[in-house]
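Colleague: no sequence on this one, just coordinates:
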C-alpha cells in the first residue's frame with residue numbers, strides 16, 4: 001500500500017498539469033468560453049452550501065484516505 005501512495009504522489013502533479021494543459025488547449029485559452037461568462041444565479045447561504053458540497057465531493061478524489069470523512 002505504501003508503494004501505491006508513493007507512486008500516486010509522483011504521478012498526480014503531472015496528471016493535474018496535463019489535464020490543465022488539455023483543458024486550456026481544448027477551449028482555445030479557457031476563459032473566453034460562454035461557460036465563464038454566465039453570471040451566478042445563486043447567492044448567500046445557498047452559494048456557500050453549494051461550495052462546501054463541491055469541496056466535500058472533490059476532496060476524496062485526491063486523497064482516498066479521506067473517504068471515511070465524507071458523510072453519506
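Modeller: Noted; the coordinates are in hand. Bear in mind the structure is a predicted one, so any value in this text is a computation, not a measurement.

Colleague: domain-wise, how is the chain divided?
Modeller: 1-36, 39-72 (automatic domain parsing).

Colleague: turn those into CSV, including mean neighbour count.
Modeller: (C-beta placed from N, C-alpha, C; glycine too.) Below are these laid out as CSV (neighbours: other CB atoms under 10 Å):
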stretch, mean neighbour count
domain 1-36, 10
domain 39-72, 9
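
Colleague: go through those and find the least confident stretch.
Modeller: Lowest mean pLDDT within these: domain 39-72, at a mean of 71.

Colleague: how much space separates residue 12 from residue 20?
Modeller: The gap separating residue 12 from residue 20 is 12 Å, by CB to CB, to the nearest Å.

Colleague: same check on residue 45?
Modeller: From residue 45 to residue 20 the distance is 31 Å (CB to CB).

Colleague: next helix or strand past the longest helix seen in the chain?
Modeller: For the chain, the longest helix by residue count, based on DSSP state H, is helix 2-26. The C-terminal neighbour of helix 2-26 among helices and strands, as given by DSSP states H and E, is helix 44-62.

Colleague: got the angle for that next one vs helix 2-26?
Modeller: Calculated by axes from the mean of the first three to the mean of the last three CA atoms, to 10 degrees, helix 44-62 forms an angle of 120 degrees with helix 2-26.
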